[in-house]
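*Asks:* A predicted structure for the sequence below; I have some questions about it.
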Amino acid sequence: MAWIILFVAGLFEIGWAVGLKFTQGFTRPIPTLLTAISLVASMGLLGWAVRSLPLGTAYAVWTGVGAVGTAIVGILLFKEPATAGRLACLALIVSGILGLKLFTPSH
């Protein structure tokens, strides 16, 4: 269950990272509010996950899910470049996340 909570926390991290773009420097109230809600949810779920997962593993997976997801949203939504090098680097992050999941003992 902690892994699912951690993954959802990573999804909320994508939400607040992407939300930053829409706040326009925190000058737009609704996007700012939604970004803040996503940030609080992300941190709260991360805090819940670290109750049963190792801190280093949970933090690395959380940031990895957020980084990969935000980069993918950037490619799809903001037309950022999807070069082979960038995609290969994202694949390396995903393999690191999967490796941490595979090699972290269950509690």
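*Replies:* Here it is on my side, so go on. If you're wondering where the values come from, they're calculated on a predicted model, not measured in any experiment.
*Asks:* What sits closest to the most centrally placed residue in the chain if chain neighbours are left out?
*Replies:* By CA atoms, centre = their mean, the chain has its centre lying nearest to residue 66, at 1.8 Å. Using CB to CB, 6 or more residues apart in numbering and skipping residues adjacent in sequence, the residue nearest residue 66 is residue 13, 3.3 Å away. Bear in mind the C-beta positions are built from the backbone N, C-alpha and C, glycine included.
*Asks:* same question, residue 75
*Replies:* Nearest residue to residue 75 in three dimensions, chain neighbours excluded: residue 82, at 4.7 Å (CB to CB, 6+ apart).
*Asks:* ok, back up a step: so the residue nearest to residue 66 is in contact with residue 68, correct?
*Replies:* No: look at residue 13 against residue 68 with CB atoms under 8 Å: they stay out of range, at 10.4 Å.
*Asks:* Give me the more crowded residue out of those two.
*Replies:* residue 13 (25 against 20; other CB atoms under 10 Å).
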